[in-house]
Every structure is written in C-alpha cells, then in structure tokens.
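Peer 1: When you get a sec, could you give me coordinates for this:
(chains A and B)
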Amino acid sequence: MHLQVTNLFCDYGDYEAVRGVDFMVSRGERVCLLGPSGCGKTTILRAIAGLHDPTNGEIKINNQVVFGTDRFIPIQERRVGMVFQDHALFPHLSVRENVGAGLWSIGAKERNRVSGEYMEMMGISSLGSRFPHELSGGQQQRVALARALAPKPLLLLMDEPFSSLDLDMRFRMSQEISDLLRIHDITCVMVTHDQQDAFVMGDKIGVMANGTLLQWDDPHHVYHEPASRFVADFIGDGAFIDAVVTGDGKLSSGVADLELENMGSLKSGDNVDILVRPEDVIFDETSNIRAKIIRRSYKGAEILYTLSLENKNKVLASFSSHSYFSVGDDIGIKFQFNHVVVFKK
Amino acid sequence: MRLGAWVSLCLSALLATPVLSIVFVALQPSGEVWSHLINTTLPGYVYNTIILSIGVGFIAVLLGTSTAWLVTMCSFPGVRYFNFLLLLPLAMPSYVVAYAYTDFLEYAGPLQTFLRHLCDWTHPTDYWFPDIRGLGGGIIVMSFVLYPYVYLLARAAFLEQSVNVLEVSRVLGRGVLGTFLKVSLPSARPAIVVGVSLVLMETLNDYGTVDFFAIPTMTFGLIDVWFGMNNVAGAAQIASSLLVFVILLIVIENFSRRRQRFYQQSSTRFSNLPNYQLKGWSAFFALATCLFPIIIGFIVPAVVLSVLSVKYFSVSWTSEFRILVANSLVLSMSASLIVLLIALFLAYCRRIYPDAMLSSIIKIASMGYAMPGAVLAIGILLPLGAFDNFIDSLSREWFGLSTGLIFSGTFFAVLFAYIVRFLTIAMGQIESSLGKISSSMDMASKALGYSSYRGFWRHHFPLIRGGAIVALIIVFVDCMKELPATLILRPFNFNTLAVHVYHYASDEMLGEAALGCMFIVAVGLLPVLLLSWMLTKSRKINDTV
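Peer 2: Here you go, the predicted structure:
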C-alpha cells in the first residue's frame, strides 16, 4: 500500500475533528475525501502532510511510518507535495522560481532544467518570468501543481484545489489535471466539498461526516449504492418515497410495487424509504402512476421537475428538454431502478 | 514544545519585567513615604496632570477631527497638500517646540521687540504680554504637536465610511453639517478615542516640556523626587500612581479599538467620498482651519529654530556636538535594529506557535509602549539594581571581589528601556504585514521542505520587508527623540542629542540648543515623509478600485 491511514483520531482541544478513520490508497490511485465543511476531511489531509498532530492512530507513506505512537516525521521530510485552495504561490517569486522553490537542495542549473520540465508538462513554459499576480486563476493553479510535483513527491495532497476557480474553468481544470495525474501515475489525495470535482478526479471517493468515514467506494457505487441515508442525501439529487415491506423481496409504496434484491435485516411489515434519483423516473403517459408538476428548473439539456405523487411524496425527475411541461400539469411516470436502495425508518 | 517557543517565552518574560516590577512596587505597603507624598506634593502633581491631559486632549480632538473631515470630505484650494502637511508637527518633539516658543515670545524675543517698536513701548510695565511658560502654554504646545495622532486615525475612519450611509443621511433630509454631526462623527468616534488615548500617553510621557515650563505634573514630580531629593521609594510610589492613569488609557484604547472594528467594516465603496466643493468664505475658512495647526505646530518653531541655529552655528557646531550626533545615531540605530529583530522573532513565533501563555506574556511586555519613559526607567532600575547587588554579593562571597553595578548605569539599561518602550510599535507593523500572508503559504513552504527558520527568511521576510523598514524608521526616530528614560538610565558622562538639548535649555541657553533641536526635527521628518507616502499610495489604490 502506498498510503495507509489506520484508526486515525484528531482533535482541536475539546473538539474531536476525526474519529477513527481507516483507509488505504494504492500506488497511482487518486482518491477524494468528500464531505460538508467541518466534517474533518481537511484535518485528515493536514495530518497526512504533517501539519497537524493526530491524537491517535498511524499513518504510513510508502510503507514507512510517518506518524505512529512513538514516531513523528516532520512535514519537510515526508516528501509530500501540496496544492492549496488559494494556491499559496510566493508572490515575490517569478513563475520559474515558484516552480523551482522545492528544488533548493540541487544546483541552479539542474533546478532550472527540472522546473522547465514541469512547466512544460503543465503548459506554462511561456509564463516563466511572470509573477503570480499577473496570472489568471487557471494559470496559478498550474503553477501551484507544477511547484508541488517538481520535487517528485511520494504523494500529492490537494486541498479544495478548484474552489477558487469559476464554474466553467473548474470543470475544465479538474478534467485536465485528472488526465495529467493518470498519465504520470501520481498518487493523489484530494479534499473537496464539491461532488462534481470528486466524480471527475477520484478513482475512489471517501464520503465523510462528523469526523467519520461513511463510505469508501468508487464514484459509481457511491452514487448508486449509497451506504447510508446521509451519503444518499449528500451525493447527487434525489428524494425518498415511503414504502412498506410486504413480503420476501417485495415492497409497496402505495403508488408502485417494487422488487428488492437483498433483504438484509429487513422483515415483512417494516416501514422503509426508497431512494429515487431523478434519472430513475421515466415519463410514460400510459402509466397509471400519476404525478403533478409543482416546480420546474431549466438546466439546458434537461429540465429538473419536482413532482408530487398521489401519496403526497415528492420526487425529482430529470427529462430531456425536448419535451416541456408546465407547473400544474398532471403526467404519467414509471420508475426504472438499476438497483433499489432502501433505508429503514 | 520546541526551542523557538521556549526562547520566545523567556524573551517576552524578560521584556515584561519592567512593567511587572512597577505593578509589584505599587502593591507593596509603603507606609510613611506614601502618606508623606499625599500630604505634600502628590495632590498638586495629580491636579496638574489631569488639567494638562484634559486641555491637550480637548484641543487635539478639535484640531485633529476638524482637519481630518475637511481634507477627506471637502475640496478647497490646496487640499491635496494638506493631507501631508498636517502631519508635519509629528516631526517636532514637544520640548523642542516649547524651547522655540519661549525664545520667540520672551521679552527680548522677536515678537515682543517688534511690538515694542511698533507701539513705542519701552518697559515691560508698559504693556501686558502672556507668559508661555505655564500650564496654559504647556497645553497649547503639546496639543499642537500631538493632534496628528487624532488626525491620522480620524482620517482613516472617515475614509472607510461607506458613502452609501452618508448618502442615506442626505436623502433623509440632513444637511452637510447634520450628516457630519449625526453620522460621520459618531461612527468615527472609536477611532478618535484611540487617537486621544495615544495623545494622552504622550502627554504623560513628556518630561522636557513640563520641566521647562515648570508644570509640576506626575512625571515632573517623579524625576524631581528621584534626582532632586534622591528618594527612590518616593519616585517608585509616584510611578505606581502614574500607572493607574496609564492602565486606564490602555483599557480605553483597547476597548475603542475593538469597537472600531465593528464601526469600520471595510467596504469597497469608500473610493468616492462626497466631495463638497467649497467656495468663497467657506473655502477660506477651511484653508485657515488647516493652515492654523501647521503654522503653530511646525512652521513658527521651525523658522525660529533655523534662525537660531544659523546665528549660533559657530558655537554649536563643535567636535563635542559631532560626538553627540554620533552617539545618538549609533545608540538609536542599534536599538532599532535590536527591536526589529526581537519583533520579527516574537511575531513569527506567535504565528507558528499559537500558545495562549506566550500571547499573554507578549501582551504584558507590550504594555511598555504606554508607560511614560520615566516610569519605565524605574521599572528597569529596580530589578536591575537588585540583580546587580545579587551578583555583587555572590562574587564577594565566592571570590572576595566586588563586581559593582554591572548592568545599571550602562548602555544595556538604556537599550533595554528603548526595546520595552518601542517594541509594540515594531510588533504592530510586523504583525499586520505578516497577517496579510495566508497561512497556506506557511504550509506550502514547509511542504516544499523548508524549515521554519529557512522558510521565514526565504518566503516571509521578502513579503514583510516594507513593514519591517517602516518599523525600523519609526523606532529609530522615537529613540532619537526619547528624553526621560535616557536622562535617568544613561551611563555617567554619556549624552545623547536629546539630553544635550535638554541641558542647554535648562540653562536658558536656547541659542546653543537650537542646532541640536534642528537635527532632531530633521530626523523626525523621515517617518512623516514615509507615512505620507504610504497614505498617498493607499489613496491611489482606492482611486483605481
């Protein structure tokens, strides 16, 4: 394992920010810690970097213990690269000097060569003599990444790297950087509160809340098979509808009957919530499940409708914007689940 | 804890000793000394100090606030230059102004001689002329020199007022004056109070003026009891009663600074303040209001001193004078460099070791800025004397040798006083510059393999160099001007320019003192120029936003 975090606990005085987190990252893997602000994700990143002393647990980088019961390796010896939310470029150094800032132990000539190499890799070769304040947000981002990668770190850590960019730029940069990291086989842990960033960047996503890790999975599973109600709520759009377990593998919601693959601990008569994602709802005028449109948000290629079912449950539905309904319209729908996700009430 | 944290803790504890030892003295039962003081001189000292403070504070507010409002909100001929010119009196130590006016207004001085010629008077009995040397004169001299503190803070407060709020007031039907009295002034009040408390700290600190004008204030009394009556215990008691005033001022200042933060929410909308176009009489009146404090506080004393220095140049410009200049420069430069280094070290330590203990000790140590120099000197001499005696007795016991006084009465004591008194100024500058550097910069520097020490010189220092230079210059000039602490603590037969000027003035030899005064004023102009340069720079940034 390239990075191994075991039973990690961190606190700030009386406040327990991280409570018993475990995860592993293989070489070349890119993972995202995702969660609302204050969930402890940044604290974990800082602990891995060596900027925060955990109270308990163990952290191994490249099979070497960097934090353990009797061991603390300071950040400057951990060989981690870091990219910050505000990029934290040194304003008094040129782009070339910024990229070379971590290469202080080697000679000037070699330093120039290596920084040149990384500037080329990030597509900023022409900006070498500029200063940070003369760069756009995206260019600053590239400089920050080049600077972090130039000393060839064992691990790249990124703290909300895209949140200072505007929406359009953000998507482009996250895709581009994701490709770059893949090509160069760089192991990376990123922290974000934005699921879009996490879906683009992460081979694995760790969803966090209140200092604990709720789910550690690939993006597809995190979205389609959330492990808890919090994860289902936090990731993606969606709504819950009331249902009752009517028998082995059978559910009834009052508006539709469904099949359940895995009963788990559920038994007949249990009240449950079924997770309905917008794409699980299909328009079908012939269906006898009727719904009333109560809100409409136009999103361009599709339109997100809020529908009220006959049992007063509300669901979201995403239809192509080729068809167009008005608020108050009564339409027929049906449900099409890949995988039915239920949570016991 | 790491080494840096320990060193910073010990250093700040050392710097806090003068303040703590005065508090310690104040809490000691003093018996007879105290009752004697109360029955004799102390009530007079307190009375004069209070009257002086009220008078100086009142006039400083009047001058500082009115001029600040005029230059920020109005437009009249020369307003651009007044921004800077109004700071000029800051270059004048009040004792220098006191000497200049005494010479200017005395019987044989230029003004009275001129009046006698004009009116054919021949005798002092022919006419009445006010005597500047007294409480009233002291109030006028000090307030016209110290008002720039109020001016600077009030100006900044007016500049940051949201133009929207002012416009709302106008829309709601208030006139220009009504808006000033009901909106601008109340929201600038915390800033003005901070300015006044700085003015009063300087007033309490002053020794040169009150000594020359024979106003028996508490500072005057302290040094008189010490030197005149050789009564250390009495001086210490006066020092500890002065401390009450000082602590009151510190509390008021801190309280107002906190309120200031709420009142002056920084907004991007202050670039286009109302620009009342003044014409005719109102323009003339505005011009006169701004010109008046500059003439009284700078131009007249500067002209008087220049004339005197030229007249007495041959007797003043001696090799002894040149040695004094060298003394002052070397002492002030080394003190300001040491202060800067300590400030850099402590500010950076406080940044990287967020430790409550360190912060509170630094807070105590930095109370030194509010201590009158004379009080501080006592706070230094008491523990230092005790320490010297302790070493002396140890060495006699072990080696049979007397070491005498090692630290008291040496440069070390003077330097120490300067450091304690001026550290806060430097710390304030450095910390505000450091505060502008985001904390992720520290992490980035560490993640790239720099130790805290190397990272500081490579990444932080280049960014705060401007603030460091400003701190250096301000502290340097303050050391050059410093009188009471130097007077008490200086080694035997060692004089600075300020002490030299004081001695000549005490001997009524103002002509011989003038060249030294001019030199101090010339040096004092440095930070004023710097300050005005920074003000115009920030103004430009506002204009382009």
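Peer 1: buried ones in stretch A:248-261?
Peer 2: For stretch A:248-261, the neighbour count (16 or more other C-beta atoms under 10 Å in any protein chain shown) marks A:251, A:253, A:255-256, A:258, A:260 as buried. The way it works is simple: take the backbone N, C-alpha and C, and place the C-beta from them, glycine included.
Peer 1: Let's see the distance spanning that stretch from one end to the other.
Peer 2: Distance across stretch A:248-261, first residue to last, is 9 Å (C-alpha to C-alpha, to the nearest Å).
Peer 1: Can you pull up the most central residue in chain B?
Peer 2: residue B:202 (5.2 Å; C-alpha atoms, centre = their mean).
Peer 1: That one and residue B:90, how far apart?
Peer 2: Relative to residue B:90, residue B:202 is positioned 10 Å away (C-beta to C-beta, to the nearest Å).
Peer 1: Name the residues contacting each of these two.
Peer 2: By C-beta atoms under 8 Å, 6 or more residues apart in numbering or on different chains, residue B:202 and residue B:90 have these common neighbours: residue B:149.
Peer 1: Show me the two of the buried residues of stretch A:248-261 that sit farthest apart.
Peer 2: Put simply, by C-beta to C-beta the two of these set farthest apart are A:255 and A:260, 16.3 Å from each other.
Peer 1: Spell out which parts of the stretch 151-300 of chain A neighbour chain B.
Peer 2: A:151, A:157, A:159 (C-beta under 8 Å from any C-beta of the partner chain).
Peer 1: Of these, which belong to strands?
Peer 2: Judged by DSSP state E, those include A:157, A:159 as members of strands.
Peer 1: Top of the residues of the stretch 151-300 of chain A next to chain B by number of neighbours, please.
Peer 2: For those, the largest number of neighbours (other C-beta atoms under 10 Å in any protein chain shown) sits with residue A:157, at 27 neighbours.
Peer 1: Okay, and the beta partners of that one?
Peer 2: residue A:82, residue A:189 (DSSP bridges).
Peer 1: For the residue of the stretch 201-345 of chain A found nearest chain B, grab the count of nearby residues.
Peer 2: As assessed by C-beta to the nearest C-beta, chain B sits closest to residue A:201 within the stretch 201-345 of chain A, at 19.4 Å. By other C-beta under 10 Å, 24 other residues sit near residue A:201.
Peer 1: What of residue A:271?
Peer 2: Applying other C-beta under 10 Å, I find that residue A:271 has 10 neighbouring residues.
Peer 1: same check, this time on residue B:352
Peer 2: Other residues close to residue B:352 by other C-beta under 10 Å number 17.
Peer 1: repeat for residue A:136
Peer 2: Neighbour count for residue A:136, taken as other C-beta under 10 Å: 10.
Peer 1: In a helix, the residue nearest to the centre of chain B, correct?
Peer 2: Yes - assessed by DSSP: H, G, I helix; E, B strand; the rest coil, residue B:202 belongs to a helix.
Peer 1: That one against residue B:146, yeah?
Peer 2: Yes - judged on C-beta atoms under 8 Å, residue B:202 makes contact with residue B:146 at a distance of 5.4 Å.
Peer 1: After the worst-scoring helix or strand of chain A on mean pLDDT, which helix or strand is next?
Peer 2: In chain A, no helix or strand scores lower on mean pLDDT, DSSP states H and E than strand A:257-259, which sits at a mean of 80. Where DSSP states H and E defines the elements, the next helix or strand beyond strand A:257-259 is strand A:271-276.
Peer 1: List the buried residues of that next one.
Peer 2: A:272-276.
Peer 1: list the helices and strands it packs on?
Peer 2: Helices and strands touching strand A:271-276, by 3 or more C-beta pairs under 8 Å, 6 or more residues apart in numbering or on different chains; DSSP states H and E, are strand A:239-247, strand A:342-344.
Peer 1: quick check: angle from the first one to strand A:271-276?
Peer 2: Okay, so that is strand A:239-247. Strand A:239-247 runs at 130 degrees relative to strand A:271-276, counting by axes from the mean of the first three to the mean of the last three C-alpha atoms, to 10 degrees.
Peer 1: burial of residue 32, as a residue count?
Peer 2: Let's take chain A. 27.
Peer 1: that's the wrong chain, I meant chain B
Peer 2: 8.
Peer 1: Over to the one 10 residues further on?
Peer 2: Look at residue B:42: counted by other C-beta under 10 Å, it has 19 neighbours.
Peer 1: do the one 3 residues further on as well
Peer 2: Per other C-beta under 10 Å, the neighbour tally for residue B:45 reads 24.
Peer 1: What does the pLDDT read for it?
Peer 2: Note on residue B:45: pLDDT of 92.
Peer 1: do you know how far it is from residue B:240?
Peer 2: Distance of residue B:45 to residue B:240, computed by C-beta to C-beta: 13 Å.
Peer 1: What of residue B:386?
Peer 2: In terms of C-beta to C-beta, residue B:386 sits 17 Å off from residue B:240.
Peer 1: longest helix of chain A?
Peer 2: helix A:167-183 (DSSP state H).
Peer 1: Make sure residue A:124 is actually in contact with residue A:144.
Peer 2: No - with contacts counted by C-beta under 8 Å, residue A:124 stays clear of residue A:144, the gap being 10.6 Å.
Peer 1: higher neighbour count, the two?
Peer 2: residue A:144 (26 against 23).
Peer 1: Just list the residues touching the more buried one, thanks.
Peer 2: Counting by C-beta under 8 Å, 6+ apart, residue A:144 has contacts A:83-84, A:87-89, A:161.
Peer 1: One more pass at 7 Å, please.
Peer 2: A:83-84, A:87, A:89 (C-beta atoms under 7 Å, 6 or more residues apart in numbering or on different chains).
Peer 1: Tell me if I am right that it is in a strand.
Peer 2: No - counting by three-state DSSP, residue A:144 is located in no strand; its state is helix.
Peer 1: gap between it and residue B:299?
Peer 2: In terms of C-beta to C-beta, residue A:144 sits 54 Å off from residue B:299.
Peer 1: With residue A:227 instead?
Peer 2: Counting by C-beta to C-beta - residue A:227 and residue B:299 are separated by 80 Å.
Peer 1: And residue B:13, by the same measure?
Peer 2: With C-beta to C-beta as the criterion, residue B:13 and residue B:299 are 47 Å apart.
Peer 1: Repeat that for residue B:51.
Peer 2: In terms of C-beta to C-beta, residue B:51 sits 28 Å off from residue B:299.
Peer 1: what does residue B:452 give?
Peer 2: Counting by C-beta to C-beta, the gap from residue B:452 to residue B:299 is 50 Å.
Peer 1: Of those two, which one has the most company?
Peer 2: Taking other C-beta under 10 Å, residue B:452 and residue B:299 do not tie; residue B:452 has more neighbours (19 against 14).
Peer 1: How about the contacts made by the more buried one?
Peer 2: B:4, B:352.
Peer 1: Swap in 10 Å and give it another go.
Peer 2: The contact partners of residue B:452, by C-beta atoms under 10 Å, 6 or more residues apart in numbering or on different chains, come to A:74, A:76, B:2, B:4, B:348-349, B:351-353, B:442, B:445-446, B:460.
Peer 1: out of those, which are inside helices?
Peer 2: Using DSSP H, the subset of the contacts of residue B:452 located in helices is B:4, B:348-349, B:351-352, B:442, B:445-446.
Peer 1: and chain A, which of those contact it?
Peer 2: With C-beta under 10 Å from any C-beta of the partner chain as the criterion, these include B:442, B:445-446 near chain A.
Peer 1: could you flag which of those are buried?
Peer 2: B:442, B:445-446.
Peer 1: what separates the closest residue to residue B:352 other than its chain neighbours from residue B:397, distance-wise?
Peer 2: In this structure, residue B:352 finds its nearest non-sequential neighbour in residue B:452, 5.8 Å apart by C-beta to C-beta, 6 or more residues apart in numbering or on different chains. Between residue B:452 and residue B:397 the computed distance is 43 Å (C-beta to C-beta).
Peer 1: Need the phi and psi values for residue A:155.
Peer 2: In terms of degrees, to the nearest 10, the main-chain angles of residue A:155 are phi -150, psi 140.
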